[in-house]
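Trainee: This is a predicted model, with the sequence first.
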Amino acid sequence: MKGKVLFITGIDTNIGKTFATGILARALAGKGKQVITQKMIQTGCTETSEDIEMHRHLQGISFTEDDYIGLTCPYIFTYPCSPHMAAAKDGRTIDLSVITEATRRLQGKYEYVLLEGAGGLMVPNDFHSLTIDYVKEQGYPVVLVTSGKLGSINHTLLSLYACKQYGIRVEAVIYNLYPPTDELITANTLEYLKQYLEKEFPGTPVILLPEESDAGTEVDIDCLL
């Protein structure tokens, strides 16, 4: 068995990638799928990844054996900043092949590996490569997390344009409704993005991620199966 990898990225930092990843994992498990989440690089932590902890909380499960042996988060750095800076401050380097090997091992055990990136697609891993370079090299399809906050149309279209330029498949766009913001802007942004996707990325679904998801409301992920 070789599991499918979905790369979960966002239009910016603090857009809800971690929340979305955990909810998607829970929804896939609810469909009877074997699923694991992985964090490409975690910054601002020591010993354990706070994003993996959030994933497991949302999934309603404890840490797995793969969490304890480091497969689900190969790199953890102490300073809360971009990976290239965090690695330098800790006196370490990032070997992307280590991440790739960890993902491959998880693919051998699970049907789905939800690989959450750090920040957006143009975040640098070092001074020679960006996250988007890695995604393209590995051939991973992307699930892009956005929201209705002011400015998100610009950031979303830039991210989608980058995917098109790099030849990266956009599997789905997740529209995060948390935290609540201006209702008029939220509704208008959603409608605009749906029309844009229909024209420029036909067939790409929009998955709504409501605030109530943490309380048990599930999302429709049939488009990812």
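Mentor: Nice, thanks for sending it over.

Trainee: for the closest residue to residue 48 other than its chain neighbours, what are its contacts?
Mentor: For residue 48, ignoring the flanking residues on the chain, the nearest one in space by Cβ to Cβ, 6 or more residues apart in numbering is residue 76 at 7.3 Å. The C-beta positions use only the backbone N, C-alpha and C, and glycine is treated the same way. Counting by Cβ atoms under 8 Å, 6 or more residues apart in numbering, residue 76 touches 42-43, 45-49.

Trainee: In this protein, where is pLDDT below threshold?
Mentor: Regions of the chain meeting the criterion pLDDT under 70 cover residues 1, 212-217.

Trainee: Sketch out the helices for it, chain order is fine.
Mentor: Assigned helices in the chain, in chain order: 17-30, 50-59, 65-68, 83-89, 96-107, 131-138, 152-166, 183-200 (criterion: DSSP state H).

Trainee: for the first one, which positions count as buried?
Mentor: Meaning helix 17-30. Of the residues in helix 17-30, those scored as buried under the neighbour-count criterion (16 or more other Cβ atoms under 10 Å) are 17-29.

Trainee: wait, which of those residues is closest to residue 64?
Mentor: Each of the buried residues of helix 17-30 was checked against residue 64 using Cβ to Cβ; the closest is residue 25, at 11.4 Å.

Trainee: Between the two ends of stretch 148-155, what distance do you get?
Mentor: 11 Å (Cα to Cα, to the nearest Å).

Trainee: wait, stretch 110-124
Mentor: When the termini of stretch 110-124 are compared using Cα to Cα, they are 28 Å apart.

Trainee: What residues sit buried inside that stretch?
Mentor: Neighbour-count burial for stretch 110-124 flags 110-121, 123-124 (criterion: 16+ other Cβ under 10 Å).

Trainee: can you tell me which of those residues are in strands?
Mentor: In strands, defined here by DSSP state E, the members of the buried residues of stretch 110-124 are 112-116.

Trainee: Switch these over to CSV; also include distance to residue 210.
Mentor: Shown next, in CSV, are those (distance: Cβ to Cβ, whole Å):
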residue, distance to residue 210
112, 22
113, 25
114, 19
115, 24
116, 20
